[in-house]
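Trainee: just need the structure, nothing else, for what follows:
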Amino acid sequence: MDFSPLYKGLSENEREEIEALPRSERLIHIATLQNCSTSELVTKVAEIANLPIISEIELIDNPTATLPLRLIHEYQCVPVRKASQEGESIDTPITPDTPMPLVTLWPPDDQMNRWIFAVSGRRPEWHLGDPERVVNTITQRFGVGAGSLDESDVITNDNEDDEEEDEDAAVIRFVNEVVQKAVSDRATDIHFEPHRDTLQIRYRIDGELVAIRVPDNLIRFQDAIISRLKIMAKLNISEKRRPQDGRISFGAGDTELDIRISTFPTMYGESVSLRLLNQKSKPLSMRELGLTSDEEDKVTRTLAAPHGIVLVTGPTGSGKSTSLTAFIRLINSPERRIITVEDPVEYEVPGVNQTQVHADIGLTFAHSLRAVLRQDPDVIMVGEIRDRETADIAIRASLTGHLVLSTLHTNDAPGALTRLTDMDIEPFLIASSVEMIIAQRLVRRLCPNCAQPANYDPIHIQRCLTTMRIDHSETVHGRLAKAPNGCERCRKLGFRGRVAIFEILRMSEEIHEHIVQRDSSRLIRETAIKQGMRSLQQSGWEHIKNGTTTFEEVIRFAEIGNDEVEE
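Mentor: I've put the predicted structure just below:
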């Protein structure tokens, strides 16, 4: 079959790379290289292969009675009962005397036709579907990695050693497929959670936990799966009573993952959490973070200073490290020596000296920071200020002519000042060293493919504005808000990706006085707002008006700061 029209403008290496990819990834990869939509390519492929296109997929009642689960996953095809094709209806019940309708995401070859005819006894009748829709249909119906654990495909004989080898290979394939699926779904964490009757697997996608469909027989392989994960991390598989931590280097296609693993004993076995760190992730730019031009200007002018401290605050998973890396990229130049101390190193920045803490050998943030100061740095990035010792060294470094970037776990920007005071840092040192504090949250971004006008009632808009402490005169802008709908591209969630909202506090003489006098964060906040600081809620309101996110997202993630102030 001649697919050359699809490869127009691509190099020979790119064509070979596409042909080497699994069937499920080819169209998506071509769409990325050609900078076009998969729907356009599906139409082209259908014309080349002379196959009808399916827009809606309805599986037969028991697909695995017709095709083995291993073939469904390996060939990414599934028997269908009904599908909408150019406005016509296909409703062909599968009998031994009729062709078997199948939907797939890439035209079949002769080998596929022979195998499917051999195992089913029916002639396949092929239809082409959107890659994401076909993959999601198979995953939702059978579970991630179900083909790997298909016991009907495991060789059964009298040799127990062979059976054990088959099962080990199946578990290895299953674990790899779970991780690869997490990468394709943009998950940041994977959780294996044992319960009485099942092993639940959940991904954290865009900050939300999403349960994934798992094979019905997964509980049978629970111990083998947990052991496989521990072997990959070089942990003690016989120790099941104590928590263990480790790391895994994992390759998934072009993706290189540094996976942090944590085990924890529970009633029904060990719970395992994986944090996925993509070694090839591209650090974001200042604009990609979600900063407005005004906010970007404020941050840029502060980062141009030769000394001082810039703090980024927020809860775990709010994107603090991503923001610090974007700041480092902005100020990185041959004239500046930049050294970072991180835990872990999430993004590699060319030209920057990056190191990772190792608490088990005594290489803590504080110990590393002392050593860094003897390296003649101009800029120092400390992953987190966790204790008084680290805070004291960071402040003294800023006072001796260094620009220091770091993070703190506080709810809002003014809270960082009181947090440093609680660490027994002298207020006059805080006032003299801290130049800017940025509080941030990550809110889910509406899927651009399916977002629709919200058409909120004015009364509902006013209630939301009251909760966000925004004047009701802004009600008229609420008509620009959009709401989630849900499509195949966003897994029916209505959201895809996240965007940051910011609260930027710049130092002033009046705020210096508040710090020295040990005034409350409430008073510091009031003063900062009078001087032009935009709250997290106000930043979120701008994104609502732009149709980027929703009222519910902003209220859920940004009202914590206000609650903190009111206490």
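
Trainee: look up phi and psi at Ile504.
Mentor: Ile504 adopts backbone torsions of phi -110, psi 120, taken as degrees, to the nearest 10.

Trainee: oh, and call the first residue 142 from now on, that's how I've got it
Mentor: From this message on, residue numbering opens at 142, which makes the last subject Ile645.

Trainee: find the nearest non-adjacent residue to it, please.
Mentor: Here the nearest residue to Ile645 in space, its sequence neighbours aside, is Ile579; by Cβ to Cβ, 6 or more residues apart in numbering that works out to 5.3 Å. Heads up, the C-betas are built off the backbone N, CA and C, glycines and all.

Trainee: what does Glu349 give?
Mentor: Once flanking residues are discounted, Glu349 sits nearest to Arg585: 7.3 Å by Cβ to Cβ, 6+ apart.

Trainee: quick one: secondary structure of the one you found?
Mentor: Under the three-state scheme (DSSP: H, G, I helix; E, B strand; the rest coil), Arg585 adopts strand.

Trainee: and the gap between it and Met609?
Mentor: Taking Cβ to Cβ, to the nearest Å as the measure, Arg585 and Met609 are separated by 17 Å.

Trainee: out of these two, which sits in the busier spot?
Mentor: Arg585 (25 against 21; other Cβ atoms under 10 Å).

Trainee: ok, that one - contacts?
Mentor: Contacts were defined as Cβ atoms under 8 Å, 6 or more residues apart in numbering; by that measure Arg585 touches 347-349, 636, 638-639, 690, 694.

Trainee: ok so, going back, touching, the residue nearest to Ile645 and Ile450? I think so.
Mentor: No. The pair Ile579 / Ile450 is not scored as a contact, 11.6 Å apart, by Cβ atoms under 8 Å.

Trainee: now do the helices in the stretch 142-291 of the chain.
Mentor: If you assign secondary structure with DSSP state H, counting those that start in this stretch, the helices in the stretch 142-291 of the chain sit at 153-161, 164-175, 179-190, 210-216, 251-261, 272-283.

Trainee: and for the stretch 392-541 of the chain?
Mentor: With DSSP H, counting those that start in this stretch as the criterion, the stretch 392-541 of the chain has helices spanning 427-430, 434-444, 461-472, 506-514, 529-540.

Trainee: so which of these comes closest to Leu417?
Mentor: Between Leu417 and the helices of the stretch 392-541 of the chain, the tightest spacing by Cβ to Cβ is seen for helix 461-472, at 14.2 Å.

Trainee: can you tell me how far Val451 is from Ala557?
Mentor: With the distance defined as Cβ to Cβ, Val451 ends up 11 Å from Ala557.

Trainee: between the two, point out the one with more neighbours.
Mentor: Comparing Val451 with Ala557 by neighbour count (other Cβ under 10 Å), the higher total belongs to Ala557, at 27 against 22.

Trainee: roughly how far apart are Gln252 and His550?
Mentor: Gln252 sits at a distance of 56 Å from His550 (criterion: Cβ to Cβ).

Trainee: in terms of neighbours, single out the busier of those two.
Mentor: Neighbour tally, Gln252 and His550, criterion other Cβ under 10 Å: the higher count belongs to His550, 16 against 9.

Trainee: contacting residues around the more buried one?
Mentor: The neighbours of His550, taking Cβ under 8 Å, 6+ apart as the test, are 454-457, 525.

Trainee: ok so, going back, list residues touching both of Val451 and Ala557?
Mentor: Between them, Val451 and Ala557 share the neighbouring residues Ile578, with contact defined by Cβ under 8 Å, 6+ apart.

Trainee: so what touches stretch 153-160?
Mentor: 148, 151, 167, 170-171, 174.

Trainee: buried ones in that stretch?
Mentor: Burial within stretch 153-160, assessed by neighbour count using 16 or more other Cβ atoms under 10 Å, is assigned to 156, 159.

Trainee: can I get the CA coordinates of that stretch in CSV?
Mentor: Included here for stretch 153-160 are C-alpha records, laid out as CSV according to Å, rounded to 0.1, in the frame of the first residue of the first chain:
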residue,chain,number,x,y,z
GLU,A,153,13.7,9.5,4.8
ASN,A,154,14.7,9.1,8.5
GLU,A,155,11.3,10.4,9.6
ARG,A,156,9.5,8.0,7.3
GLU,A,157,11.5,5.0,8.7
GLU,A,158,10.8,6.3,12.3
ILE,A,159,7.1,6.3,11.5
GLU,A,160,7.1,2.8,10.1
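
Trainee: rounded mean pLDDT for it, please.
Mentor: Averaging pLDDT along stretch 153-160 gives 81.

Trainee: now it: how far from the chain's centre is it?
Mentor: Here stretch 153-160 is found 28 Å from its chain centre; the criterion is Cα atoms, centre = their mean, to the nearest Å.

Trainee: how about stretch 648-655?
Mentor: In this view, stretch 648-655 has its centroid 38 Å away from the chain centroid, taken as Cα atoms, centre = their mean.

Trainee: surely Thr505 and Arg511 touch.
Mentor: No. Thr505 is beyond contact range of Arg511, at 9.9 Å (criterion: Cβ under 8 Å).

Trainee: okay, and the helix or strand of this structure with the least pLDDT?
Mentor: When the helices and strands of the chain are compared on mean pLDDT, DSSP states H and E, helix 701-707 comes out lowest with a mean of 43.

Trainee: from the rest of the structure, what touches the helix or strand harbouring Asp364?
Mentor: Element membership of Asp364, judged by DSSP states H and E, is helix 363-373. For helix 363-373, the external contacting residues (Cβ under 8 Å, 6+ apart) are 308-309, 312-313, 315-316, 333, 335, 340, 359, 377-378, 385, 387, 389, 391, 402, 404, 410-411, 413, 415.

Trainee: what about 6 Å?
Mentor: 312, 316, 340, 378, 389, 411, 413 (Cβ atoms under 6 Å, 6 or more residues apart in numbering).

Trainee: could these go into a markdown table alongside secondary structure?
Mentor: Listed next are these as a markdown table, based on three-state DSSP:
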| residue | secondary structure |
| --- | --- |
| Val312 | helix |
| Val316 | helix |
| Leu340 | strand |
| Ile378 | coil |
| Ile389 | strand |
| Glu411 | strand |
| Val413 | strand |
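
Trainee: which among the residues you listed end up buried?
Mentor: When neighbours are counted using 16+ other Cβ under 10 Å, the contacts of helix 363-373 contain these buried positions: 312, 316, 340, 389, 411, 413.

Trainee: need the max-distance pair from those residues.
Mentor: Comparing every pair within these by Cβ to Cβ identifies Leu340 and Ile389 as the most remote, at 18.8 Å.

Trainee: who has more neighbours, Thr505 and Arg511?
Mentor: When neighbours are counted by other Cβ under 10 Å, Thr505 comes out ahead of the other of Thr505 and Arg511, with 18 against 14.

Trainee: quick one: pLDDT of that one?
Mentor: Thr505 carries a pLDDT value of 88.

Trainee: ok, now the one 4 residues further on?
Mentor: With respect to pLDDT, Ser509 has a value of 91.

Trainee: residues near the residue nearest to it when sequence neighbours are not counted, how many?
Mentor: For Ser509, the nearest residue in space outside its immediate sequence neighbours is Val482; the separation is 4.3 Å by Cβ to Cβ, 6+ apart. Summarising burial for Val482: neighbours were counted as other Cβ under 10 Å, giving 26.

Trainee: Gln175 now?
Mentor: By the criterion of other Cβ under 10 Å, Gln175 has 15 neighbours.

Trainee: if anything else comes up later, I'll come back, but that's it for now.
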